[in-house]
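1. fold the following.
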Amino acid sequence: MPDFNVRVGRYELDALWHDCRLAVEIDTYGTHGGRVPFELDRVRDAALSGLQPLRITDRRLYRHPEAVVATVARELAHRGWTGL
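-> The predicted structure is shown next:
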């Protein structure tokens, strides 16, 4: 299981697999749907000190949860995680 709502520097990540250096961020259009939030997310991603951010929209999570799980599992497997 990942850790949830983890502080990394000045940011809070939705989910983090420490050993794999994978962060999952659930993005909503309401808070990430404009130019400024888009740019700030890129700044944030660059500041995560070697962590790989995986951004998933809330809409995709609710409409296609199996696909989201498969995407996260693939990324974790690629990083050598065998916990699934």
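2. CA atoms for contacts and neighbours, from now on please.
-> Fine.
3. next, the contact list for the residue nearest the centre of the chain, please.
-> Closest residue to the average C-alpha location of the chain: Val24 at 1.7 Å, with Cα atoms, centre = their mean. Residues in contact with Val24 (Cα atoms under 8 Å, 6 or more residues apart in numbering) are 13-16, 53-56.
4. what's the longest helix in this structure?
-> helix 65-78 (DSSP state H).
5. identify the residue spatially nearest to Asp27, adjacent ones excluded.
-> Thr57 (4.7 Å; Cα to Cα, 6 or more residues apart in numbering).
6. how about residues contacting the lowest-mean-pLDDT helix or strand in the chain?
-> Within the chain, no helix or strand scores below helix 29-32, which has a mean of 80 by mean pLDDT, DSSP states H and E. By Cα under 8 Å, 6+ apart, the residues outside helix 29-32 that reach it are 37-38, 41, 57.
7. buried stuff in stretch 5-18?
-> 13-17 (16 or more other Cα atoms under 10 Å).
8. er, stretch 23-39 I mean
-> Those would be 23-25, 27, for stretch 23-39 by 16+ other Cα under 10 Å.
9. mind putting these into CSV with distance to Ala70 and pLDDT?
-> What follows is those, written out as CSV (distance: Cα to Cα, whole Å; pLDDT from 0 to 100):
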residue, distance to Ala70, pLDDT
Ala23, 15, 96
Val24, 13, 96
Glu25, 15, 95
Asp27, 18, 90
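10. strands along this structure, start to end?
-> Here the chain has its strands, by DSSP state E, at 3-8, 11-17, 22-27, 52-57.
11. who wins for proximity to Gly83 among those?
-> Smallest distance to Gly83 across these (Cα to Cα): 10.8 Å, for strand 11-17.
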